[in-house]
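Asks: Sequence plus predicted model, see below.
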Amino acid sequence: MENLNLKLIFRFLGITAILNGFFMWLAIPFSLYYKETDVLLGILNSGIITISIGLLLFFFNKPTNKNLLKKEGYLIVTLGWVILTLTGMLPYLLTGSIPSIPNALFETISGYSTTGSSILTDIESMPKGILFWRSATHWIGGMGIIVLTIAILPLLGIGGMQLFLAEAPGPSADKLHPRITDTAKRLWLIYVGLTIVEFLLLKVAGMTWYDAINHAMATVSTGGFSTKNASVAHWNGMPLIQYIIIFFMFVAGTNFVLTYFALKGKLRKVIQSEEFKYYGLGIFLVTILVTLSIVFFQDDSLKTTIEHPMVLGKVESSFRHSLFSVISVVTTTGFVSADFTMWSHFVTGIFFALFFVGGSAGSTSGGVKIVRHIIMLKNSFLEFKKSLHPNAIIPVRYDGKAVKQTIVFNILSFFILYMLIFIVGAVVLALMGLDIKSALGACASSLGNIGPAIGSVSPVDNFSHLSVSAKLFCSFLMLIGRLELFTVLILFTPFFWKKN
């Protein structure tokens, strides 16, 4: 502990809390509009408490040394998420919307981690101000409030590359600009821009302005919290709304660097991206497979999720629900238009496999990430070549460039650790009372930040029936999944705390 710049760490946590408190107050206009006086006061007080905590941490910790080391970056990101969660619970607790601390903790960390799992059994009965805050936790966590924090670091005279590396989703952090703070600003401009455009399109397509802003925030952040009990299935009779959400889920699951290049007109860079090719082609092929399974092998139970009885209508509806569900799971958004576990055991197996895919690196989605799968597969095929030519030096190539062996080892370590945590986590949840199917689903969903799963936590169910210990354990899985395992788990290693 002696070699850590604690004053600098606490100062960062103070900024995080201050920003979170101001975000809470964005829910006040909604409570005013819907005349929720008690809720308004609860949100107001939550913001005051959170900002006060932040100001105390900020002003009473003035570091003399402003050099931020990688070790401190890991600690700030993890503790920053803890601060977000503990303060983000306040609106739920002080308004009485979710009076139970374990439930409030679960809902809050599910929001910030953009998982979208919920313990709420009747979402539509919740106050509008609270539902907006619930969606806002997605939006804050999606790009990462840490990235927002480093965008204002010039005001403090502190460099933020260590924070960006610890927070950026994926095996590497692509930079749009040599200055890290300019990179963060560009990412946030794209993020805000996509949210506004989707909000306007959903409003034009037939959503109320309130539903549109909530679903826009939940889509761009790949979160999945909805304002409706039936999620996006509430608009099954309005295909345009679902196609708009499909498009923005796809964009949100794409590397934001590629989105930046596309907006700048550099489409060749997008097309040449190896990860984007696999991302798009994979979604297309799996969607076709699921659609064919529904059209040709589905029985009458399909009527519970597909609304058009005519053959042509059934094909379109089957394709739309298949595409929606596949993109929702791959990008780890977690919106639901249909219960894919009711289609067939074969299709359920496909979706369970998709739990371990994840979106693109550099996107707001969770999971393993497609680039890791590409490099692991390429490395595996190279091992066959090396068996025939043991003296040959054949590097793994990605996007036409040789990948450093250290990165390959890091990716292999990540995947092994990910699968080990999944296996152990599923066993732990089974010991906590879940049947094995539900335990596998809940663990894969929480670790991958997906939301809906299989078993008793399927797309039409939620996590409310889990025991307190199971909810807390799933909350921990959501956190380490959101922060790419190493960022959190490294804090539990003895050498992290040893003096340099």
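Replies: That came in fine, so what should we check first? Numbering: from 1, shown residues only.

Asks: what separates the closest residue to Ala233 other than its chain neighbours from Ile241, distance-wise?
Replies: Among residues not flanking Ala233 along the chain, Ser337 sits closest, at 5.0 Å (C-beta to C-beta, 6 or more residues apart in numbering). Glycine gets a C-beta too; all of them are placed from N, C-alpha and C. Ser337 sits 10 Å away from Ile241, going by C-beta to C-beta, to the nearest Å.

Asks: ok, those two, which is more surrounded?
Replies: Neighbours per residue, other C-beta atoms under 10 Å: of Ser337 and Ile241, the larger number sits with Ser337, 28 against 23.

Asks: In contact with the more buried one: list those residues for me.
Replies: Listed by C-beta atoms under 8 Å, 6 or more residues apart in numbering, the contact set of Ser337 reads Ser231, Val232, Ala233, Asn236, Gln242, Thr305, Arg320, His321, Phe324, Ser325, Ser328.

Asks: which ones are touching the second one?
Replies: Contacts were defined as C-beta under 8 Å, 6+ apart; by that measure Val232 touches His215, Ser226, Ile241, Gln242, Ile245, Phe324, Phe335, Val336, Ser337.

Asks: any idea of the pLDDT on it?
Replies: Val232 carries a pLDDT value of 94.

Asks: and stretch 383-401, average pLDDT?
Replies: On average, stretch 383-401 scores 81.

Asks: re earlier: so which of the contacts of Ser337 is surrounded by the most neighbours?
Replies: Neighbour counts for the contacts of Ser337 peak at Ser328, which has 31 neighbours (criterion: other C-beta under 10 Å).

Asks: residues touching that residue, list them.
Replies: If you count contacts by C-beta under 8 Å, 6+ apart, then Ser328 has Gly224, Met249, Gly334, Phe335, Val336, Ser337 around it.

Asks: Over to Ile53?
Replies: Contact partners of Ile53, counting by C-beta under 8 Å, 6+ apart, are Gly14, Ala17, Thr87.

Asks: Those residues in helices, which ones?
Replies: Gly14, Ala17, Thr87 (DSSP state H).

Asks: Dihedrals phi and psi, Val396?
Replies: phi -70, psi 130 (degrees, to the nearest 10).

Asks: ok, it - contacts?
Replies: So Val396 contacts Ile375, Lys378, Asn379, Leu382, Ala402, Val403, Val408 (C-beta under 8 Å, 6+ apart).

Asks: Among those residues, name the buried ones.
Replies: The neighbour count (16 or more other C-beta atoms under 10 Å) marks Ile375, Lys378, Asn379, Leu382, Val403, Val408 as buried among these.

Asks: Dump those residues into TSV; add distance to Glu275 and secondary structure as well.
Replies: Putting those into TSV (distance: C-beta to C-beta, whole Å; DSSP: H, G, I helix; E, B strand; the rest coil) gives the following:
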residue	distance to Glu275	secondary structure
Ile375	10	helix
Lys378	12	helix
Asn379	15	helix
Leu382	18	helix
Val403	13	coil
Val408	16	helix
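
Asks: Most neighbours among the ones in helices among the contacts of Ile53, which one is it?
Replies: Ala17 leads the ones in helices among the contacts of Ile53 on contacts (other C-beta under 10 Å) with 26 neighbours.

Asks: Which one of the buried ones among the contacts of Val396 is nearest to Phe496?
Replies: Val408 (23.7 Å; C-beta to C-beta).

Asks: wouldn't the closest one be in contact with Ile375 here?
Replies: Yes - assessed by C-beta atoms under 8 Å, Val408 is found in contact with Ile375 at 6.2 Å.

Asks: Poorly predicted segments of the stretch 301-450 of the chain, please.
Replies: 301-313 (pLDDT under 70).

Asks: Spell out the residue ranges of the helices in it.
Replies: Using DSSP state H, counting those that start in this stretch, the helices of the stretch 301-450 of the chain run over 311-330, 345-354, 370-388, 405-431, 436-447.

Asks: Same list (the ones you listed) but as TSV, adding distance to Thr137.
Replies: Formatted as TSV, the helices of the stretch 301-450 of the chain follow (distance: least, C-beta to C-beta, whole Å):
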stretch	distance to Thr137
helix 311-330	19
helix 345-354	25
helix 370-388	26
helix 405-431	23
helix 436-447	16
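
Asks: out of these, nearest to Leu489?
Replies: helix 405-431 (7.6 Å).

Asks: Can you get me a residue count around the closest residue to Glu36 other than its chain neighbours?
Replies: Nearest non-adjacent residue to Glu36, counting by C-beta to C-beta, 6+ apart: Pro127, 4.9 Å away. Pro127 has 22 neighbours, counted by other C-beta under 10 Å.

Asks: How much space separates Pro127 from Ile370?
Replies: 39 Å.

Asks: Quick check: the residue nearest to Glu36 touching Ser97?
Replies: Yes - the criterion here is C-beta under 8 Å, and Pro127 meets it with Ser97 at 6.2 Å.

Asks: tell me which element the closest residue to Val488 other than its chain neighbours falls in.
Replies: Once flanking residues are discounted, Val488 sits nearest to Ile480: 4.5 Å by C-beta to C-beta, 6+ apart. With secondary structure defined by DSSP states H and E, Ile480 is part of helix 468-482.

Asks: Which strands and helices lie in contact with that helix?
Replies: Where contact means 3 or more C-beta pairs under 8 Å, 6 or more residues apart in numbering; DSSP states H and E, helix 468-482 is packed against helix 70-88, helix 101-112, helix 405-431, helix 436-447, helix 486-489.

Asks: so can I have a markdown table of those helices showing distance to Phe59?
Replies: Shown next, in a markdown table, are those (distance: least, C-beta to C-beta, whole Å):
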| stretch | distance to Phe59 |
| --- | --- |
| helix 70-88 | 16 |
| helix 101-112 | 25 |
| helix 405-431 | 39 |
| helix 436-447 | 37 |
| helix 486-489 | 28 |
